[in-house]
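One predicted model, sequence on top.
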Amino acid sequence: MRVFDPAVPGFGESVTLAPGSTSDVWWYRSSTGEDLAPHTDPARAAGRITRILTPYVAAALAARARRPAGDGVALPIAPPDPGMPHTETIAYLHARFGVLCWWGTHTKEWWALIPCAAQWRLVNAPASETLAQAILDVHAHS
């Protein structure tokens, strides 16, 4: 099965069913060989594929947002809206700060991995606006 985001149809992942350790269990498996979930739990497999693809889709959307318009001026990037889907918020944060961001489905918080001079910093926040401020704070102190 081919999994992709309609906003970026040229990029996606191939998922197959592979035999498990017993004959009655099959596994959803990514193209990299990662077992995503047993065949009895497609929702878990979908969640894991989403986790794998989200940073790449967000980066592609961010690149599209920075693409110049016909007159050579960069397209405006709107601030994140709390009701905005996670991929759009991730794309906005990546475009604005150039960092890898994601929504933690288990932690229910926003996360960012920030390159600093000597090491990388990992920050989290309950809202995207709070994460943006945390990113600015790290940049101000590095």
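Received the coordinates, thanks.

Relative to its centre, which residue of the protein is most distant?
Residue farthest from the centre of the chain, counting by C-alpha atoms, centre = their mean, is Ser23 at 34.3 Å.

Am I right that that one sits in a strand?
No - counting by DSSP: H, G, I helix; E, B strand; the rest coil, Ser23 falls outside a strand, being coil.

next helix or strand past the longest strand anywhere in the chain?
Longest strand in the chain, counting residues (DSSP state E): strand 8-19. The helix or strand immediately downstream of strand 8-19 is strand 26-30, counting by DSSP states H and E.

Contacts made by that following strand with the rest, please.
Contact with strand 26-30 is made by 13-20, 35-39, 42, 45, 48-49, 52, as judged by C-beta atoms under 8 Å, 6 or more residues apart in numbering. Bear in mind the C-beta positions are built from the backbone N, C-alpha and C, glycine included.

related to what we said a few turns ago, what backbone torsions are found at the residue farthest from the centre of the chain?
Backbone torsions of Ser23, given as degrees, to the nearest 10, read phi -70, psi -20.

now it: how far from Asp41?
Remark: distance between Ser23 and Asp41 (C-beta to C-beta, to the nearest Å) = 18 Å.

go on, His86?
22 Å.

cool, and Ala112?
Going from Ala112 to Asp41 by C-beta to C-beta gives 29 Å.

Compare those two (neighbour count), which wins?
Using other C-beta atoms under 10 Å, the more surrounded residue of Ala112 and Asp41 is Ala112, with 23 against 14.

so which strand or helix has the more buried one?
Ala112 belongs to strand 109-115 when elements are defined using DSSP H and E.
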